[in-house]
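[1] Sequence and predicted structure below; questions after.
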Amino acid sequence: MTDYMHAFDLYTPASLADAAKLLDEHGKDAWIVAGGKDSFDWFKDRHKQPRAVVDIGGLKELRGIRDGGDHVAIGAATTLTEIEENKLLRDGFPLLVQAAAKVASPQIRNSGTIGGNVSQDTRCTYYRDGFPCYRAGGNSCYANTPTAMNREHALFEAVRCVAVTPSDTAPALVALEAEMAISRGGKVRTVPAEKFFIGPDVDITRMTVLEAGDILTEIRLPKKWAGASSYFEKIADRETWDFALVNIAMAARAEGGMVKDVRIACGGVQCTPRRMTEVEDLMKGEKAGPELEKLAQRVAARGAKALNFNHFKIPLMGNLAARAVRSLA
Amino acid sequence: MAYTLLGKNFTPPDLHAKVTGAAKYSEDFRADGMVFLKTLPSPMPHARVKAIDVDAARKMPGVVGVLLPGEIKQPKDAGHAILTAYPVFVGQPILAVAAETEQQAEDAIQAVKVDLDPLPFVTDPLESLRPDGPNALVGGNVANRQGVKLQEIKWTGKDFAKAGDDKLPMGKAARVWSFGDLEAGFAKSKVVVEESFVSAANAHHAMEPRSAAAYWEGGKCHVWGSTQSSSFAVPSLAKYIGIKPTDLNLVSEFCGGGFGGKAYSYPLMALPALMSKKLNGRPVLMRVSRAEEFINGSARAAFQGWVKMGFGADGRVLAVDSYIVQDNGSTAGFWDFQNFGMATSVILQPEAMRFHGIPVLTNTPPKGAQRGPGENQTANILEPILDKAARELGIDRLALRLVNAPGGGPNGKIGPKQAPLTSAFLKEGLEQAAAKWGYAEKIKKTGKQANGKIRSVGIGQAYHAAGYNGFDGMVRITPDGKLHIHTGVGNLGTYSYAATSRVSAEVLGYDWNNTVIERGGTLKAMPFNIGQFGSNTSFTMTRTNYAGAMDAKQKLLEIGAAMLGGKAEDYELKNERVVARNGSGSVSFADAAKKAIELGGKYSGHEVDPKLNPLTKAAVGMIKGTGLIGVAKDKLPKKGIVPALAAAFIEIELDPETGKVEILDYMGVADVGQVLHPQGLDAQIRGGAVMGFGLAATERYIYDPAYARPNAVGFYQAKPPTYLDVPAEMASLAVEGAVDEQNPVGAKGIGEPVQGSASSAYLSAVSDALGGHMFNRVPVVSDMIVNVVAKQPQSYKPLQVNNQ
């Protein structure tokens, strides 16, 4: 409501090691920003008021896109526009480029980072408005009541919380089997994108595995999917500056329409990007065409549990799956 | 008629400042010692404040003042408060704090403790009308600023039971009117269409929030404010502040959008001035956030309605019966519901009609006039119904509209009294645009395309009353020969303040480069003019400026005679000189201005018509003796209602798999009489269309009835369309041959119906693409289309509001 941030100490470390030190020093009082696109919303609404804000957006170690041999590595603080314009990615991983190009608006993509896009919090309006819901540490879900306005919310895996992943790049990274490099106290571990995103059944207060002290440093795209066929589509109310109602990302290897390998993930339907494993399974070894489209459409949203206002996502998921199949024909 | 300036493009004088960023809006101003104000929003939708504890806040660093609701003389309108101890919607400001920095002010707000006693609340008008439904205000549940006093009206259980779930219940109305023989009209109709419907609310969301700043000096209050109007805002703002209008200096040079939400003054605009007064005149700035703008700005009223229409075999509308339940918000609101009746009677010219309406209060932000208030909701509901009737009659959709649309000049009628319209060329507009746009060819290409999408065509029409009279025009010719056109109309952003000012130069035969528009603040000596709202500027201000210039013209002629001999009628104006008709001599306007100063009296502004508005007299007082003053009230004859009329044609492709709609082609046509500024008109038609597409398709206004808290306050949540949602090219057209005889230059305005005609054309096309599916709901969001194609029910209950 107020649109005026609280007072905080802003740190701009010169190295990843300094950043790690700062995070260690301030513990749970620390908050990482890079582009700041998600964070400043929280601060301006004063629903989150961290005392120490560590800006890692300027760290050279976290910027840029490089060929890592068996993978292409993207620094977490690389902007979405840089991803959109990068030749390595445009040539090898158009799926991610297409997804990045659909994020928010050109202005936001110019400063918003890939790390931020995958680490951002959910957009549930009740949660963002400061309702004391489960995710905020309370004991209720306000988005799943008889009167709740939940057009944007989940069809699947809703355990107390019905919030969804808002990211456009996340489904693409899951489809591309990306590895997320996470630094903590100087040590780096990697987590598959599919496991990086976590649902309310794992931890209802987080959207990712990242905990206090963790820094997402790099996203690695294995060359397994370089040059693969891709399909990305985002359905939103507007063509820009909007979150997906549903999005779909597919990486596939096909020859003459025959699908050899495929991975599909869908955003906006559960807390994490949802693998369309049934669709993948029925596609493998099959030829893309109307029959396969129909089958994909039929199984795409199997198991969905609609809320008051979101059952339109069920046929929409089916239609998007059919369109992904159609793109291979 | 051929004019030198009117109908020609020009660069409005404030354009460069807007493009370069030099333009200063109210929150751009700073002054020495300025402090910052923040308000405490109510967390509850309806409550009484039991106790306020500001002790901790007062002790916070930088805090210089606290203003409580009890310290303010509140406006009398139902629910309309500057600060309140009786909040009636979530976010309504309860108190204000001023501090050295904005952050300190907000920190102090966070430290305030307020104890609230919650009261019953309601967000759905129909719920409030139920026999045991809650009232949004303690004093009642029905009110409207157009003659409906705050009262309680409840409908019976039978009223609701008879209607069932799908049809609008229709109990006691607050307003009923009719004309013609309704029963006979329905009896002779070949097709009767009956529909219940919902038109959603949507916030104004002006780009510039309603920030304001103020200070006091020498007994006068200086306010920088964001308002569509300049002089029209002065009396009401002075009243909010509690001073005489002549003691208020208002700066309102730029306005970053209003759409009716900043038509003139509003309660919050007075808050910095009231805080400043408490601080002995220290400058106070209140920056309003986007969320606060949603809360304190207003919104278009939602409708829950029912209409029954009877059509003859040729499509002629023989009878209309209707009922509108208006979501009035928490204040006296605007009379959108009444405009449903007016707009229907104008666009369709029915032979008989009955209108019922009731404005019901809800615990949501105040609903106010938004671009085509009521008329554009009407267009959105009616146009798909006209299509349905055409389909059932087996006639062309355009033909049905042509048989009903008013045209041919001063022939149309309006409302219960069937009062005359000053001019109407809607029929000609439809015909001309259909021919230029290629309607007949485009309609042949509709249907399923090779890309799987469905192509369709839509037609829209809309109306708004667009003209007033009786305001004061004022010009001044200074001894350097320049013409100063003083205008108080305001600067909404359409540049019509400048286009209408050109009438003064046209009357006096001035080179436009030798003129100055004096505007933007009371210190610029603004006459009392109409505000910049209601599509009226073109009609009203051309008359007003004509009156002022004609007074100057007469004085120039008299001065010519005084200087060179003879009578005034022996002279004429040519090339900025007063010239003897017999060629015997001439006087420059510059010399005439010097002479006016020398002559004094009426020529120099030392004597004025006592019937001028007091604010105009005060303005003349500021410039008297500095040149030749032309100042006069518009006493030109006017009979009837001035109709702004627009129509639109749209071609879309609808993707049945995603519900996405792409606009392929669009043409808007406006019945404006004499075009004043072609570029300005084009921008109005296209800009109105963009806003209309939002109204029809994407804009959201969401309240969970359990909490009555808004769920879509930001731009990204409320979703007005962006450049990327509309075609890069859209065509505009002015009706050729149209002229309004009751305007001295034949002009009238168009700002509002260019939105409604676009939105209704869009809805007409979407319905057509889906085989005539009647959504009976606005907006039609993509998920609704997906549900229709998937043959599954919609998510909302039939008459639910505030859910999209």
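    Done, it's in. Numbers count the residues shown, from 1 in each chain, chains lettered A, B, ... in the order given.

[2] which secondary structure element contains residue B:340?
    For residue B:340, the host element (DSSP states H and E) is helix B:336-348.

[3] I'd like the next helix or strand past that helix.
    Downstream of helix B:336-348, the next assigned helix or strand under DSSP H and E is strand B:353-360.

[4] what packs against that next one?
    Applying 3 or more CB pairs under 8 Å, 6 or more residues apart in numbering or on different chains; DSSP states H and E, one finds that strand B:353-360 makes contact with helix B:125-129, strand B:142-144, strand B:175-179, strand B:317-327, helix B:336-348. Glycine gets a C-beta too; all of them are placed from N, C-alpha and C.

[5] list the buried ones in it?
    Using 16 or more other CB atoms under 10 Å in any protein chain shown as the test for burial, strand B:353-360 gives B:353, B:354, B:355, B:356, B:357, B:358, B:359, B:360.

[6] Ok, stretch A:40-54 next?
    The neighbour-count check on stretch A:40-54 (16+ other CB under 10 Å) flags A:41, A:42, A:43, A:44, A:45, A:46, A:50, A:52, A:53, A:54 as buried.

[7] How about stretch B:64-74?
    B:64, B:65, B:66, B:67, B:69, B:72, B:74.

[8] which residues touch the fifth one?
    Taking CB atoms under 8 Å, 6 or more residues apart in numbering or on different chains, we find residue B:69 in contact with B:49, B:81, B:82, B:83, B:84, B:85, B:94, B:95.

[9] Make CSV from those residues and add pLDDT, secondary structure and distance to chain A to it.
    Output for those, formatted as CSV (pLDDT from 0 to 100; DSSP: H, G, I helix; E, B strand; the rest coil; distance: CB to the nearest CB, whole Å):
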residue, pLDDT, secondary structure, distance to chain A
B:49, 98, strand, 18
B:81, 91, coil, 18
B:82, 95, coil, 18
B:83, 96, coil, 16
B:84, 95, coil, 16
B:85, 96, coil, 19
B:94, 97, strand, 13
B:95, 98, strand, 14
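
[10] from those residues, which two are the most distant?
    Taking CB to CB as the measure, these span a maximum distance of 14.5 Å, between B:49 and B:82.

[11] Can you get me a residue count around the closest residue to residue B:678 other than its chain neighbours?
    In space, and not counting its chain neighbours, residue B:678 is closest to residue B:9: 5.6 Å by CB to CB, 6 or more residues apart in numbering or on different chains. Using other CB atoms under 10 Å in any protein chain shown, residue B:9 has 10 other residues around it.

[12] any idea how far residue B:9 is from residue B:644?
    Here residue B:9 is placed at a distance of 21 Å from residue B:644 (CB to CB, to the nearest Å).

[13] again with residue B:56
    Relative to residue B:644, and taking CB to CB, residue B:56 is found at 54 Å.

[14] out of the two, which sits in the more crowded spot?
    Each of residue B:56 and residue B:644 has its neighbours counted (other CB under 10 Å); residue B:644 has more, 28 against 13.

[15] right, and residue A:283 touches residue A:291 too?
    No - between residue A:283 and residue A:291 there is no contact, the gap being 11.4 Å when judged by CB atoms under 8 Å.

[16] Who has more neighbours out of these two?
    A direct count of neighbours by other CB under 10 Å for residue A:283 and residue A:291 places residue A:283 higher, at 27 against 11.

[17] count of residues packed around the residue nearest to the more buried one when sequence neighbours are not counted?
    Leaving aside its sequence neighbours, residue A:283 sits nearest to residue A:259 (CB to CB, 6+ apart; 4.6 Å). If you count neighbours by other CB under 10 Å, residue A:259 ends up with 21.

[18] same question, the one 5 residues further on
    Using other CB under 10 Å, the number of residues around residue A:264 comes to 28.

[19] Is it in a helix, a strand, or coil?
    At residue A:264 the chain is in strand, as set by DSSP: H, G, I helix; E, B strand; the rest coil.

[20] What pLDDT does the model give it?
    pLDDT, residue A:264: 98.

[21] so it touches residue A:278, yeah?
    No - Residue A:264 lies out of contact with residue A:278 (CB under 8 Å); the separation is 9.8 Å.

[22] residue in chain B nearest to chain A?
    Nearest residue of chain B to chain A: residue B:289, at 3.1 Å (CB to the nearest CB).

[23] From residue A:130, how far off is the closest residue to that residue other than its chain neighbours?
    Nearest residue to residue B:289, sequence neighbours excluded (CB to CB, 6+ apart): residue A:3, at 3.1 Å. Note on residue A:3: its distance to residue A:130, by CB to CB, is 14 Å.

[24] hey, what's in contact with both of those two?
    residue A:45.

[25] Surely the residue nearest to residue B:289 and residue B:295 touch.
    No - with contact defined as CB under 8 Å, residue A:3 does not reach residue B:295; the gap is 11.8 Å.

[26] quick one: which of the two has more around it?
    The residue with more neighbours, out of residue A:3 and residue B:295, is residue B:295; 25 against 21, by other CB under 10 Å.

[27] that older thread, need the buried ones from the contacts of residue B:69 selected in ChimeraX.
    To isolate the buried subset of these in ChimeraX, counting by 16+ other CB under 10 Å, use the following:
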select /B:49,81,82,83,84,85,94,95
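
[28] And the pLDDT for the closest residue to chain B within the stretch 1-150 of chain A?
    Distance from chain B to each residue of the stretch 1-150 of chain A (CB to the nearest CB) is smallest for residue A:3, at 3.1 Å. Per-residue pLDDT puts residue A:3 at 83.
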